[in-house]
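[1] Quick one, structure for this:
(one chain, ligands or ions: 2)
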Amino acid sequence: MSPADTLPPPRHFLQFSDFTADEFAHVFARAALIKKRFKAYEKHQPLADRTLAMIFEKASTRTRVSFEAGMYQLGGSVVHLTTGDSQLGRAEPIEDSAKVISRMVDLVMIRTFEQTKIEAFAAHSRVPVINGLTNEFHPCQILADIFTFIEHRGSIQGKTVAWVGDGNNMANTWLQASEILGFKVHVSTPSGYEVDQSVAGLRSNDSYRVFKDPMEACRGADLVTTDVWTSMGYEAEDQARREAFAEWCVDEDMMRAAGPDALFMHCLPAHRGEEVQAEVIDGPQSVVWDEAENRLHVQKALMEFVLLGQLDN
Ligand code: CP
Ligand code: NVA
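    Ligands and ions are numbered 1, 2, ... in the order given. Model prediction:
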């Protein structure tokens, strides 16, 4: 018997549907408070003495910096592991890794390939596990994106998000979020790269509409968003994707179709001249730098929530 044996089951964030709308409202409110304190150089250290293990099986800039800096700012510390420098790359079973790592730290963030891998880890973890991106989902990014939308435009409920590009981890997570938070997604992907409702884990197709023409998907949208044509892990398909996605570049005409109040977002890293024109990502409707910064603030609120539950603002 160790202290963890007496703990309640850990609260994981493996996909967006793991939280309710009320829980998201709480996390967004805490993120706003945490951001305000951070900007004022006020100490906010509810996770003193807690340790986060970050496991990266794919590359990262934003996720690494935001989780690592965020955990230190909350008073805790971090351990950084990659496939190459740990036994994970030498075929130690994921279940064994989960049992061992979760006896030594309070929280785990994982960026990996298949969603089944993070689920297997979580099933054997004593502590909360957070998805830092899988082939199927990127819930921390959508948390930041929706927080950014709320900062600029208020509630996302009833609004329309246009997704232009690959039916990938970002698209799947936008779709899950639309069911939980009550907004619409207009999806336009090249044929062969459509979203798969079962992979996205949707209850129904009520919250999204599919458009052949990306311009039509953008028409009247409150937010236009896109992502790389080739996600990590799909590099072998790069040439075929370049050909298939040539018409799925968010340009100024698409932003005009959306309207002057529409925002543009991209999770980054971006490729100007491929999935987005430089004039759009560097233009007046783009909020990509706020979006990137907000990864820090929302994930601090997320770590606080999964470890300490709902705190009063
Ligand atoms: N958006 C995002 O997750 O960026 P990184 O790959 O740099 O972490
Ligand atoms: N869809 C991209 C997102 C990168 C942050 C990928 O998975 O590579």
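[2] So Gly192 versus ligand 2, what's the distance?
    Per CB to the nearest ligand atom, to the nearest Å, Gly192 is found 17 Å from ligand 2. C-beta coordinates here come from the backbone N, C-alpha and C atoms, glycine included.
[3] Who are the contact partners of the closest residue to Val187 other than its chain neighbours?
    In space, and not counting its chain neighbours, Val187 is closest to Trp163: 4.8 Å by CB to CB, 6 or more residues apart in numbering. Residues near Trp163 by CB atoms under 8 Å, 6 or more residues apart in numbering: 170-171, 174, 185-189, 217, 225-226.
[4] For ligand 2, state which of those residues is nearest.
    Met170 (5.3 Å; CB to the nearest ligand atom).
[5] quick one: average pLDDT of the lengthiest helix in the chain?
    In the chain, taking DSSP state H as the definition, the longest helix is helix 288-308. Here helix 288-308 scores 99 as its mean pLDDT.
[6] And it, what's buried?
    By 16 or more other CB atoms under 10 Å, the buried positions in helix 288-308 come out as 288, 290-292, 294-307.
[7] Next: stretch 80-94.
    Neighbour counts over stretch 80-94 (16+ other CB under 10 Å) mark 81-82, 86, 88, 94 as buried.
[8] ok, the residues you listed vs Leu52, which is closest?
    Leu81 (11.1 Å; CB to CB).
[9] Show the secondary-structure elements that the helix or strand containing that closest one is packed against.
    Assigned by DSSP states H and E, Leu81 belongs to strand 77-82. Here strand 77-82 touches strand 51-56, helix 62-73, going by 3 or more CB pairs under 8 Å, 6 or more residues apart in numbering; DSSP states H and E.
[10] Tell me the strands beside it, with direction?
    Applying DSSP bridges, strand 77-82 is found paired with strand 51-56 (parallel).
[11] distance between the partner strand and the chain's centre?
    For strand 51-56, the separation from the chain centroid amounts to 16 Å (computed by CA atoms, centre = their mean, to the nearest Å).
[12] Next one: it, is it in contact with ligand 2?
    No. Counting by CB under 6 Å from any ligand atom, ligand 2 is not contacted by strand 51-56; separation bottoms out at 12.2 Å.
[13] How about that strand and ligand 1, touching?
    No. Against ligand 1, strand 51-56 shows no contacts by CB under 6 Å from any ligand atom, the least distance being 8.9 Å.
[14] From the rest of the structure, what touches that strand?
    Strand 51-56 has contacts (CB under 8 Å, 6+ apart) with 63-64, 67-68, 71, 76-83, 86, 88, 101, 104-112, 132, 303.
[15] what's the closest non-adjacent residue to the residue nearest the centre of the chain?
    In the chain, the residue lying closest to the centroid (CA atoms, centre = their mean) is Gln141, at 2.3 Å. Ranked by CB to CB, 6+ apart and with sequence neighbours excluded, the top spatial neighbour of Gln141 is Cys267, at 4.7 Å.
[16] Distance of that neighbour relative to Arg62?
    Separation of Cys267 from Arg62 (CB to CB, to the nearest Å): 8 Å.
[17] Who has more neighbours out of these two?
    When Cys267 and Arg62 are compared for neighbours, Cys267 comes out ahead with 25 against 19, by other CB atoms under 10 Å.
[18] Now do the same contact list for that one.
    138, 141, 145, 170, 227, 291.
[19] Tell me how far Ala240 lies from Tyr234.
    10 Å.
[20] Also Arg241?
    7 Å.
[21] The two: which has the busier surroundings?
    More neighbours surround Arg241 than the other of Arg241 and Tyr234, with 22 against 15 (other CB under 10 Å).
[22] right, and the secondary structure at the more buried one would be what?
    Following DSSP: H, G, I helix; E, B strand; the rest coil, Arg241 is assigned to helix.
[23] where does the residue lying closest to Thr20 once chain neighbours are set aside land on pLDDT?
    Take Thr20 and drop its neighbours on the chain: the residue closest to it by CB to CB, 6+ apart is Ile180, 7.2 Å away. In this model, Ile180 is scored at 98, pLDDT.
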